[in-house]
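Visitor: How does the following fold in three dimensions:
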Amino acid sequence: MIEDDEYYGRIKVLGWCMIFVVAVLIARAGHLQVYDGEKYAKLADGNRIRIIPTMAPRGTFYDRFGTPLVVNRPGFTVSLLPLIAPVSEDVIIKLANLLKIKPEEIHKKIDAHVGFDPIRIKTDVTQDIVTILEEQKDSYPGVVIEVQPARNYILKEEGAHAFGYVSEISDEELERRKSEGYKSGDIIGKFGLEKIYDAYLRGEGGGEQVEVDVSGKPVEILGRKEPIPGADLYLTIDKSLQEATEQAVDAQLAAINAHAAAAVVMNPQTGEVLALVSRPAFDPNLFVGGISSKNWNVINSNPYHPMDNKAITGEYPPGSTFKIVTGTAALAEGRVTPEEKILDVGHHWLIPKGNAGGEALGWINFLEAMAHSDNVYFYEMGNRLGIDLLEKNSRIFGLGEKTGIDLPYESEGLVASRAYKEKVFEEEWYLAETFDAAIGQGFNLVTPLQAAMVMGEIAANGKRYKPHLVNKIASQDGKTIKVFEPELLGELPYAKSIIQLVQAGLHEVTKYGTAAGVFAGFPVEIAGKTGTAENPHGRDHGWFVAYGPFDNPNVVVAVVVEQGGYGSQSAVPIGRKILEAAFHIVPPQPAAQKAAQ
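Guide: All right, here's what the predicted structure looks like:
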C-alpha cells in the first residue's frame with residue numbers, strides 16, 4: 001500500500017512539471033507572435049544573414065636588402081550577392097555591358113558557384129565603375145562592391161619573369177585544386193615566384209557575418225573574422241643590380257637592333273640568383289584584374305614571345321662557351337696536355353671545318369686556344385674525345401637536365417649524343433657531328449641559366465650549388481617560417497690542377513683574348529668566355545659568360561642575345577655593364593663627353 005502511494009505521488013509531480021513546461025512554451029509563443037512578430041516578419045521577408053569572405057593580403061616580395069619589390073594596394077571587386085531570387089537577366093546584361101564582358105562569362109561564374117558567399121565577377125575594377133554602381137545601385141539589385149587587396153608590381157616590366165603574376169583561378173585549376181581549399185573567384189599565382197610559392201603567399205581568408213537587405217546592401221555587421229595575411233618572401237635578388245641588368249640589356253638591344261635576350265647573375269658560392277632578365281618582357285600589373293583582349297593580343301602577337309622566360313626556358317646552341325666543357329674533358333681524360341701545341345692552319349686536316357673568316361693562329365696550346373676561342377684546336381679535342389666522352393662530361397657538368405631553380409617551366413636543354421640522333425632521326429653518328437658538338441653547335445642546347453651554372457662550377461672550384469631566388473619566408477609579424485640555405489648539388493670529379501688550368505684560360509680571355517678589348521682597364525680581374533652560336537633562322541646568337549673577382553669569385557654572369565651576331569660585339573658589352581654594377585664601378589666617360597666637360 002505504501003509503495004502504491006509513492007508511485008502515484010511521483011506521477012502527480014511529473015504531471016505538474018509537464019503542465020508547467022507546456023504553459024511556458026505557450027507563453028513564449030504568444031510573446032513572439034504578439035510583441036516581436038513584426039520584427040521577425042521583417043527579417044524573414046526582407047533581411048538575410050550572409051557570410052561575406054574577406055580575401056587575405058598576399059605576402060610582400062622584398063629584395064635581399066629589404067627593399068619592397070611586390071606589394072598590395074586596395075582594389076575593388078564587382079560581385080553578385082543574390083538573396084531571395086537569382087539575379088535577373090536584365091541586370092546581368094547591364095552589368096556585362098558596364099564591365100565590357102560577355103553575359104555568358106557571368107552565367108558561367110554563376111553556374112560554377114557553390115555556397116552563399118559572393119560570386120566574384122570582375123576584380124580590380126576602375127573607380128569610375130565603382131562610382132556608377134554606387135550611384136545607380138537601385139538599377140543593379142544583387143550587385144555589390146567588395147574592397148580587396150590587389151597586387152602591385154612596383155617595377156612593372158622589370159623582374160616580371162622572376163616575380164610572375166596573379167590572376168583569377170581558371171576552371172581547370174579549380175578542378176585540380178578544390179581539395180586544397182581554392183574556390184571560384186580566388187586570385188592565385190599563375191607564373192614565376194607567385195606560382196611556386198602561392199601556398200605561402202595567399203594567406204588565410206577571413207570574413208564578416210553581415211545582415212543585408214534584399215538588394216544586397218549591408219545593414220549591420222554581426223561578426224568579423226580577420227584574415228591572416230600571406231607570408232613574405234625575402235629574395236636573393238639585388239634590386240639595384242636587377243635594374244642595372246635590365247638597363248644594360250635594353251640599351252644594347254636598341255644599339256644593335258636586336259629584339260630578344262636573356263641574362264642571369266648569380267653567386268657561384270651559394271647558388272643565389274642576384275638578377276634575372278628576359279627580353280622582351282611584359283607588365284604583370286596587366287593581369288591583376290584580368291587582362292584585356294587588346295593587351296593580350298599585343299603580347300600574344302609579339303614574334304619574340306614576351307611571356308617566355310628565356311633565362312630558363314630558352315634553349316640555344318651554346319657556341320664557344322661550350323669549349324669550357326670540351327677543354328675540361330680533354331684535360332681530364334688525358335687527351336691533351338696543357339703544353340702540347342696543335343697547328344691551326346685555318347681548318348682541320350680531317351674535315352674542312354675551320355675558324356670564322358678562315359683565321360689561322362698557327363701553333364697554339366690550351367691556354368692560347370681558350371683565350372682566342374680557336375675552333376680548330378677544339379675540333380681536334382672533339383676528335384680525340386669522341387662523342388661518347390663529350391656526352392659523359394657534359395652530363396657531369398649538369399647539362400641535359402633541369403637545374404632545379406624555384407621557377408616554373410624550366411627547360412632541360414639537350415646534350416648531343418648517339419642515342420638522341422638514333423631516337424629522333426634513326427641515323428648513325430658522324431665525325432663531323434662530333435666536331436660540331438665540341439664547339440657547342442649541332443644538337444647541343446643550353447639555357448642561359450645552365451650556361452651560368454657551368455661557369456659557376458669552374459668559378460667555385462668544381463662545386464655546383466642549386467640556383468634559388470628565395471632566401472627566407474617569414475610571416476608579416478617577422479616570424480621565420482623557412483630559410484633556404486645553399487644546397488650543394490655535386491662536385492666536378494676533376495683534379496684541382498685541371499680546374500685551375502681552365503680558370504687560367506678563361507682569365508686570359510679578358511686579358512688578350514676575345515673579350516680583351518671591352519675589358520681593357522677594368523679594375524676587377526675577370527674570367528670570361530665569348531660565344532657565337534649559328535642560327536639557321538637569321539643572324540647568329542651572341543653569348544658571354546664571366547665571373548669575378550678572379551681570385552675569389554662571388555658573381556657569375558651569363559648573357560645571350562638572340563640574333564645579335566658575334567658574342568664579343570653583342571653580349572660582352574652587356575656583361576661588362578652588369579659587372580660594373582655588381583662591383584660598384586663607375587663606368588668610364590666617353591671621350592666626347594670628357595671633351596665637352
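
Visitor: Residue 576 and residue 519 touch, don't they?
Guide: Yes: counting by C-beta atoms under 8 Å, residue 576 touches residue 519, with 6.4 Å between them. In this view, the C-beta of every residue, glycine as well, is placed from N, C-alpha and C.

Visitor: Tell me which of the two has more neighbours.
Guide: When neighbours are counted by other C-beta atoms under 10 Å, residue 576 and residue 519 differ, and residue 576 comes out ahead with 24 against 21.

Visitor: Mind telling me what element the more buried one is part of?
Guide: Using DSSP states H and E, residue 576 maps to helix 572-582.

Visitor: ditto for residue 351
Guide: Under the criterion DSSP H and E, no helix or strand holds residue 351.

Visitor: now residue 123
Guide: strand 119-125.

Visitor: Quick check: mean pLDDT of that strand?
Guide: The average pLDDT for strand 119-125 rounds to 80.

Visitor: And the next helix or strand past it?
Guide: Downstream of strand 119-125, the next assigned helix or strand under DSSP H and E is helix 127-135.

Visitor: got a list of contacts for that next one?
Guide: Helix 127-135 has contacts (C-beta atoms under 8 Å, 6 or more residues apart in numbering) with 76, 78, 98, 99, 140, 143, 145.

Visitor: just the angle between it and strand 119-125, please?
Guide: In terms of direction (axes from the mean of the first three to the mean of the last three C-alpha atoms, to 10 degrees), helix 127-135 departs from strand 119-125 by 130 degrees.

Visitor: quick one: buried residues of the following helix or strand past helix 127-135?
Guide: Scanning forward in sequence from helix 127-135 by DSSP H and E, the next helix or strand is strand 143-153. Within strand 143-153, the residues that qualify as buried are 143, 144, 145, 146, 148, 149, 150, 151, 152, 153, counting by 16 or more other C-beta atoms under 10 Å.

Visitor: sorry, back to before: of all the contacts of helix 127-135, which comes closest to residue 236?
Guide: Set against residue 236, the nearest of the contacts of helix 127-135 by C-beta to C-beta is residue 76 (34.4 Å).

Visitor: which residues does that closest one contact?
Guide: Contacts of residue 76 were listed using C-beta under 8 Å, 6+ apart, and they are 124, 125, 127, 129, 130, 145, 146, 147, 148.

Visitor: Closest one of the residues you listed to residue 442?
Guide: When those are ranked by distance to residue 442 (C-beta to C-beta), residue 124 comes first, at 48.5 Å.

Visitor: Any idea how many residues pack against that closest one?
Guide: Residue 124 is flanked by 22 other residues according to other C-beta under 10 Å.

Visitor: Test my guess that it contacts residue 150.
Guide: Yes: between residue 124 and residue 150 there is a contact at 4.6 Å, judged by C-beta under 8 Å.

Visitor: Identify the contacts common to those two.
Guide: Applying C-beta under 8 Å, 6+ apart, one finds that residue 124 and residue 150 are jointly contacted by 75, 288, 289.

Visitor: For those residues, please prepare TSV with the additional fields pLDDT.
Guide: Listed next are these as TSV, based on pLDDT from 0 to 100:
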residue	pLDDT
75	80
288	89
289	77
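
Visitor: tell me which of those is nearest to residue 530?
Guide: Residue 530 lies nearest to residue 288 out of the shared contacts of residue 124 and residue 150, by C-beta to C-beta, at 40.6 Å.

Visitor: what's near enough to touch the closest one?
Guide: Applying C-beta under 8 Å, 6+ apart, we find residue 288 in contact with 75, 123, 124, 150, 151, 152, 165, 166, 167.

Visitor: Next: residue 362.
Guide: Listed by C-beta under 8 Å, 6+ apart, the contact set of residue 362 reads 343, 344, 345.

Visitor: so where's the chain uncertain?
Guide: Residue ranges of the chain with pLDDT under 70: 1-48, 50-51, 82-85, 113-116, 212-218, 221, 589-597.

Visitor: tell me the centre residue of it?
Guide: residue 192 (2.1 Å; C-alpha atoms, centre = their mean).

Visitor: got a list of what it touches?
Guide: Contact analysis of residue 192 by C-beta under 8 Å, 6+ apart lists 160, 161, 162, 163, 164, 165, 309, 407, 408.

Visitor: Isn't the fourth one up against residue 152?
Guide: This means residue 163. No: proximity of residue 163 to residue 152 does not meet the contact threshold set by C-beta under 8 Å, at 11.2 Å.

Visitor: Now do the shared contacts for the two.
Guide: residue 70.
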